[in-house]
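Enquirer: sequence plus predicted model, see below.
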Amino acid sequence: MAITQRTATSGTAAASGALTVTFPTSSANGDVIILAVGNAGTAGPAVIAGWTLISTTSAGTGQSITVFWAIWTSGLSGSFTNAATVAAWTCNAFIGGEDHQIDASAATSNTTNNTTLPTGAPTARRHGDYEVLCYAWTSAATISGVAAGSTIDITQANSTTVSCAMGHNNTTSLAVGTVTTAFSQTLSANNSRKTGVGVLLYLNSTDLLPFCIAPQPTR
């Protein structure tokens, strides 16, 4: 079974206020939930019960992106307390059975005042990896040019202070050892604090041997 995704959601949060995640419609037991939070400061929300922190990366003063993951159940909380700066967040649920996890992640930042929004390029360690792309930058600029081979699924701005986006690699089943593309998205205006994170999901079932020896009949 290949990994697919549901319809992404997004929202904003005030500094030091409640950050309440709305989960994608039809999220079901076993879905992997990815949450990306862009903050206008170097810290992001603290992890809460049921979630695991993937990474927090900053492009310098006044910017960071924090990425979390969780396995969805009806009791999963989406109630975080935001860090001491305003935030924008994006979230999606990824479908692939009840046994898929995070394989690897990589982040990179661009601190040059230009329109280039970079992406970290993790290496697939398992057959069939699916790459989620997470971004944050410090303005209300939009992604005006989407890099070939990628899709931007949702973008959320918090006024003109910080924006967050989530997308995916169009190659939805990566081979073992694939170094993912360092996608270069294009913003609609110059910005000097931009970060992109590539996150790889995998199905445990893809690690199984491609064949097995059938039992021999009893004589």
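Expert: That came in fine, so what should we check first?

Enquirer: can you tell me the element the residue most central in space within the chain falls in?
Expert: For the chain, the residue sitting closest to the mean C-alpha position, by Cα atoms, centre = their mean, is residue 134 at 4.3 Å. Applying DSSP states H and E as the criterion places residue 134 in strand 130-137.

Enquirer: right, and the helix or strand after that strand?
Expert: Past strand 130-137, the next helix or strand by DSSP H and E is strand 143-145.

Enquirer: packing partners of the next helix or strand after that following strand?
Expert: Next helix or strand after strand 143-145 toward the C-terminus (DSSP H and E): strand 150-158. When contacts are defined as 3 or more Cβ pairs under 8 Å, 6 or more residues apart in numbering; DSSP states H and E, strand 150-158 packs onto strand 9-13, strand 87-95, strand 162-169. All C-beta atoms are positioned from the backbone trio N, CA, C, and that covers glycine.

Enquirer: quick one, the last one and strand 9-13 angle?
Expert: Yep, that's strand 162-169 we're talking about. 160 degrees (axes from the mean of the first three to the mean of the last three Cα atoms, to 10 degrees).

Enquirer: and strand 162-169, what does it pack against?
Expert: On the basis of 3+ Cβ pairs under 8 Å, 6+ apart, strand 162-169 makes packing contacts with strand 32-39, strand 87-95, strand 130-137, strand 150-158.

Enquirer: any chance of a markdown table for the ones you listed, columns mean pLDDT?
Expert: Listed next are the helices and strands packed on strand 162-169 as a markdown table, based on pLDDT from 0 to 100:
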| stretch | mean pLDDT |
| --- | --- |
| strand 32-39 | 98 |
| strand 87-95 | 97 |
| strand 130-137 | 98 |
| strand 150-158 | 98 |
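
Enquirer: re earlier: contacts only, for the residue nearest to the centre of the chain.
Expert: Residues in contact with residue 134 (Cβ atoms under 8 Å, 6 or more residues apart in numbering) are 34, 36, 65, 67, 90, 164, 165, 166, 196, 197, 198, 199.
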